[in-house]
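Undergrad: For reference, the sequence and a predicted model appear below.
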Amino acid sequence: MMIKKKIALIMGASSLSFILLFSGCKKNEEPKQTESNIQESFSEEDTTEEETKAPDTEELTETTESTEQNTEETKESNVTENPSSDQNGSRQLSQEELDSFTQFVQKFENNGFLKSSYDSVVDIDLSEVLVTGIGVDAPHTTEEEEKALEPEMGELMTDVLGLTTQQIDDFLYKKAQVRFTDIKEPLNWVYLPEFDKYYSYTGGVPFIAFECVGGSQSGDQITLNYVSEDIFNNQGQLTLKKVGDDYIFISNHIQ
């Protein structure tokens, strides 16, 4: 009887050890499953990020291609809108611009710059330029001036224009950026040193109407083809340069 009890106790202890051992194995397997789950989770997140980034790259490529296409279309549009422009940047003037330059050369202070030929303003006939005025109201000659002029000009029977050296110098610099002393040919007017003024008759001086019939612009240089409306029906080519909001005279060639 005692022997049977001992055997029962031994078998019971063996069963308990087996249960505990099996239970310990199960516990040890759970952390491994957790690590596997974490790795699978990270793998899924990486895949999601890659799928998210891919559309951004495709969108950037499409945006770049669209920008390049718009740039090419803009270039083609500019060429189409400016068919008269050449590769050097020269373009033909529009009729509206020609009309504007016609008004410019019709001004009294500009009219004289078209009456003689010159390669440079320093070679100009200054008498032709100044006789129609300089765009300012010159004061009438005084009695003292008229008496001083009689020995040179006789009795004054018509209007006389008198301009000081400073007025002429300022006018030439404004219209051509040259100085009075730069002009090669001396001004053939009567000069009175006591008044530092030059005098000339103005009565009967013809005003010649000019019309700009063609022209082009290259950078800041303007070339105008014109015809005169006087009895000689002259033609010529005038060159101007844009300076700020105004134009200065460069050359003129009468044909």
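TA: Yep, it's here.
Undergrad: tell me the phi and psi of Lys175?
TA: phi -90, psi -20 (degrees, to the nearest 10).
Undergrad: Report how many residues lie close to it.
TA: Counted with other Cβ atoms under 10 Å, the neighbours of Lys175 add up to 20. Every C-beta, even on glycine, is put in place using the N, C-alpha and C of the backbone.
Undergrad: right, and it touches Phe249 too?
TA: Yes - with contact defined as Cβ atoms under 8 Å, Lys175 counts as touching Phe249 (5.9 Å).
Undergrad: any common contacting residues for these two?
TA: Common contacts of Lys175 and Phe249, defined by Cβ atoms under 8 Å, 6 or more residues apart in numbering, comprise 110, 113.
Undergrad: neighbouring strands for the helix or strand hosting Lys242, and are they parallel or not?
TA: In this assignment (DSSP states H and E), Lys242 forms part of strand 235-243. Here strand 235-243 has these sheet partners by DSSP bridges: strand 221-228 (antiparallel), strand 246-254 (antiparallel).
Undergrad: Next, the buried residues of the first one.
TA: It stands for strand 221-228. By neighbour count on 16 or more other Cβ atoms under 10 Å, the buried set for strand 221-228 is 222-228.
Undergrad: In TSV: those residues, plus distance to Val243 and pLDDT.
TA: As requested, those are arranged in TSV below (distance: Cβ to Cβ, whole Å; pLDDT from 0 to 100):
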residue	distance to Val243	pLDDT
Ile222	11	98
Thr223	16	98
Leu224	16	97
Asn225	22	97
Tyr226	21	95
Val227	26	94
Ser228	26	87
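Undergrad: Tell me the one among those nearest to Glu97.
TA: Ile222 (8.9 Å; Cβ to Cβ).
Undergrad: where in the protein is pLDDT low?
TA: Applying pLDDT under 70 to the chain flags residues 1-88, 138-139, 203-205, 230-233.
Undergrad: So it: which segments form each domain?
TA: If you go by automatic domain parsing, the domain ranges for the chain are 1-81, 88-115+208-255, 121-205.
Undergrad: And the buried residues of strand 221-228, which is closest to Leu156?
TA: Ser228 (30.6 Å).
Undergrad: what's that closest one in contact with, if anything?
TA: By Cβ under 8 Å, 6+ apart, the neighbours of Ser228 are 114, 208-211, 234-236.
Undergrad: if we can go back for a sec, so which of the strands paired with strand 235-243 gets nearest Ile168?
TA: strand 246-254 (15.0 Å).
Undergrad: I'd guessed Lys242 sits against Ile250; true?
TA: No - at 10.7 Å, Lys242 does not count as touching Ile250 under the criterion of Cβ under 8 Å.
Undergrad: tell me, what's touching these two both at once?
TA: By the contact definition Cβ under 8 Å, 6+ apart, Lys242 and Ile250 are jointly contacted by Gln221.
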